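*Asks:* I'll drop the sequence and a predicted model, then ask my questions.
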Amino acid sequence: MAAPNEINPAQLLRLTGLPDAPVLADVRTDEDFAADPYLIPGSFRHPHTDIDRLKGRLNGRHCVVICQKGLKLSQGLTAWLRSDGIEAEYLQGGMFAWRDLKGAPRIPAGALPAPVGGSTLWVTRHRPKIDRIACPWLIRRFADAGARFLFVSPSEVAGTAERFGATPFDVEDVFWSHRGEFCTFDTMLEEFGLRTAALDTLARVVRGADTNRHDLAPEAAGLLALSVGLSRQFKDDHQQLEAGMKLYDALYRWARDGQSEGHDWPADRKA
């Protein structure tokens, strides 16, 4: 019988990337992590002994605790958090079970830029349209939920990155940018190891809209229209990003489990 405070890898996979996904705390020891330096998408590392700071990071939110095998570290910490009134679960089988689950992506820890002030910091050109909204969505939903983004004049991206330790993206001659016919969103999927069927589908739509190749996916033209509309609706880039997060949440759910659904009226009309 499953424990009342555990979640299995398949259940967690269904929550990965969603806006209401639980906070994921990876409490593996340094030795265990060094032997397998990968992260479940959206998780962060935290020492199992520093419970007070972890509670501060959770801020009362639902969390899943992850250790190597789903035994003493995660179960003990989960029990402690629950005793303090925090909705906590541990991952059944731990990282070993996640690693063995077909289709479960893992992010190489070395792929993430070094944090600046507790979270990753990124910088790109202001007035975003497609890639510069899609990439922040991907980072916040799958890599670093607390990631911060700076939007500056194109000529100031490099200088801002240097002065503030930010990671530049979607500009020329940087690591996180277009590669050949692929856009920055594709680059991030590749580098973060996020090759899933749903994200690959979404990537074709983003690529088609961002590179004006609407033949790649019929939805690309619609994404372009919505992206242009958002950019005209908001003068503030951060307000536009927050609105765009909801747009990409919806596109991700369509790509993951809604592609087979059509619509007509009346509903019983024959083709």
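*Replies:* All right, it came through fine.

*Asks:* now the strands: where do they sit in this protein?
*Replies:* All strands of the chain, identified by DSSP state E, fall at 6-7, 23-26, 38-39, 43-45, 63-66, 88-91, 107-108, 121-125, 148-152, 167-168.

*Asks:* between the ones you listed, which one is nearest to Thr201?
*Replies:* strand 107-108 (19.5 Å; CB to CB). For glycine as for every other residue, the C-beta is placed from the backbone atoms N, C-alpha and C.

*Asks:* In the sheet, which strands lie alongside the closest one, parallel or antiparallel?
*Replies:* strand 38-39 (antiparallel) (DSSP bridges).

*Asks:* State the mean pLDDT of the strand it pairs with.
*Replies:* For strand 38-39, mean pLDDT rounds to 98.

*Asks:* and the longest helix anywhere in the chain, how far out from the chain's middle?
*Replies:* Taking DSSP state H as the criterion, the chain has its longest helix at helix 237-257. When distances are taken as CA atoms, centre = their mean, to the nearest Å, helix 237-257 is centred 12 Å away from the chain's centroid.

*Asks:* so what does it touch, helix or strand wise?
*Replies:* Helix 237-257 sits against helix 131-138, strand 148-152, helix 197-210, helix 219-233, with contacts defined as 3 or more CB pairs under 8 Å, 6 or more residues apart in numbering; DSSP states H and E.

*Asks:* Show me the contact partners of the last one.
*Replies:* Translated: helix 219-233. 127-130, 133, 204-209, 212-214, 240, 243-244, 247, 251 (CB atoms under 8 Å, 6 or more residues apart in numbering).

*Asks:* go with 6 Å
*Replies:* Identification of contacts with helix 219-233 by CB atoms under 6 Å, 6 or more residues apart in numbering yields Lys129, Ile130, Val205, Gly208, Ala209, His214, Gln240, Ala243, Gly244.

*Asks:* Put the buried members of those into a ChimeraX selection.
*Replies:* Here is the ChimeraX command that selects the buried residues among the contacts of helix 219-233 (16 or more other CB atoms under 10 Å):
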select :129,130,205,208,209,214,240,244
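
*Asks:* Could you export the contacts of helix 219-233 as JSON lines, including distance to Thr187 and pLDDT?
*Replies:* Below are the contacts of helix 219-233 laid out as JSON lines (distance: CB to CB, whole Å; pLDDT from 0 to 100):
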{"residue": "Lys129", "distance to Thr187": "17", "pLDDT": "97"}
{"residue": "Ile130", "distance to Thr187": "14", "pLDDT": "98"}
{"residue": "Val205", "distance to Thr187": "16", "pLDDT": "98"}
{"residue": "Gly208", "distance to Thr187": "16", "pLDDT": "98"}
{"residue": "Ala209", "distance to Thr187": "16", "pLDDT": "98"}
{"residue": "His214", "distance to Thr187": "21", "pLDDT": "97"}
{"residue": "Gln240", "distance to Thr187": "22", "pLDDT": "98"}
{"residue": "Ala243", "distance to Thr187": "24", "pLDDT": "98"}
{"residue": "Gly244", "distance to Thr187": "19", "pLDDT": "98"}
